[in-house]
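Student: need the 3D shape of this:
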Amino acid sequence: MRISGPPDGEVEVPAPIGALAGERTPLPVWRNEAGGVTFRLGAGEDRRFAKWAPAGSGLDLRAEAERLEWAGRFTPVPPVLEHGADGDGAWLVTRGLPGESAVSPRWTADPATAVRALGAGLRALHERLPVDRCPYDWSVGTRLERARRSGRDVPGDLPPAPPVERLVVCHGDPCAPNTLLGDDGTWSGHVDMGALGVADRWADLAVATWSTEWNYGPGWEDALLDAYGIAPDPERTAFYRRLWSVT
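Tutor: Numbers count the residues shown, from 1 in each chain. Below you'll find the predicted structure:
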């Protein structure tokens, strides 16, 4: 089983990524569970990031590019510079945002600051993105349908979805690595928006709080909810974590 994280060992640079890098050196910085790799191209304020999705991986970088371009009208996300595909895979190049990942060594050593930023950043995202203008859906039914179409074994004993508490435009992958923090410890932007869409905000909150345990250890869930400004909801949390696991 592949786990998302910084790549272990040598990573071959796909030819399209090498061509897009030009004089910049491609440095692999992240590999996801589907085999996609993110490369940093260059350093400093002019750095770029290039995502590579091998053919057959199921990663839809075109859909992510569309969502980034839409969300970028309302909140800080990476500006899209280029995207495309060939027989070997697809690529998406974005301009780097200020800040660094909430799971960089600096912030894993200071989880109290990082978790507060995660909660505040997620609340800001939910407040800024307009539900009535969002063309993308991330509802329970849509997620289950996509999972079945992709060949995933969706269990038949999944309980009915709880009533929607509040519809927002969800991030879709609100795990800690996808929030960026500035030098002052506040959130500065969001990345990896390929699943962005309208859903109950607990679809994001359940996974964001879960992610604090994976990245900082136990005991940080309530701190994220406090920073977001909401009380715990065990029923919705349990449902949306189960849904995350099967879709």
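Student: the strands in this protein, which residues?
Tutor: Along the chain, the segments classed as strands by DSSP state E run 26-31, 37-41, 48-54, 80-85, 89-95, 100-101, 167-170, 179-181, 187-190, 197-200.
Student: out of these, deepest packed?
Tutor: Most buried of the strands of the chain, by mean neighbour count (mean count of other Cβ atoms under 10 Å): strand 179-181, with a mean of 26. All C-beta spots, glycine's among them, are computed from the backbone N, C-alpha and C.
Student: ok so, going back, okay, the strands of the chain in CSV with mean pLDDT and distance to residue 64 next?
Tutor: Output for the strands of the chain, formatted as CSV (pLDDT from 0 to 100; distance: least, Cβ to Cβ, whole Å):
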stretch, mean pLDDT, distance to residue 64
strand 26-31, 93, 14
strand 37-41, 96, 12
strand 48-54, 96, 8
strand 80-85, 97, 8
strand 89-95, 97, 6
strand 100-101, 96, 17
strand 167-170, 99, 14
strand 179-181, 99, 16
strand 187-190, 98, 12
strand 197-200, 99, 12
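Student: make a markdown table from those strands and add distance to residue 128 to it.
Tutor: Output for the strands of the chain, formatted as a markdown table (distance: least, Cβ to Cβ, whole Å):
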| stretch | distance to residue 128 |
| --- | --- |
| strand 26-31 | 25 |
| strand 37-41 | 24 |
| strand 48-54 | 22 |
| strand 80-85 | 18 |
| strand 89-95 | 19 |
| strand 100-101 | 21 |
| strand 167-170 | 9 |
| strand 179-181 | 14 |
| strand 187-190 | 10 |
| strand 197-200 | 14 |
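Student: residue 111: which of those strands is closest?
Tutor: When the strands of the chain are compared by Cβ to Cβ, strand 179-181 sits nearest residue 111, at 11.7 Å.
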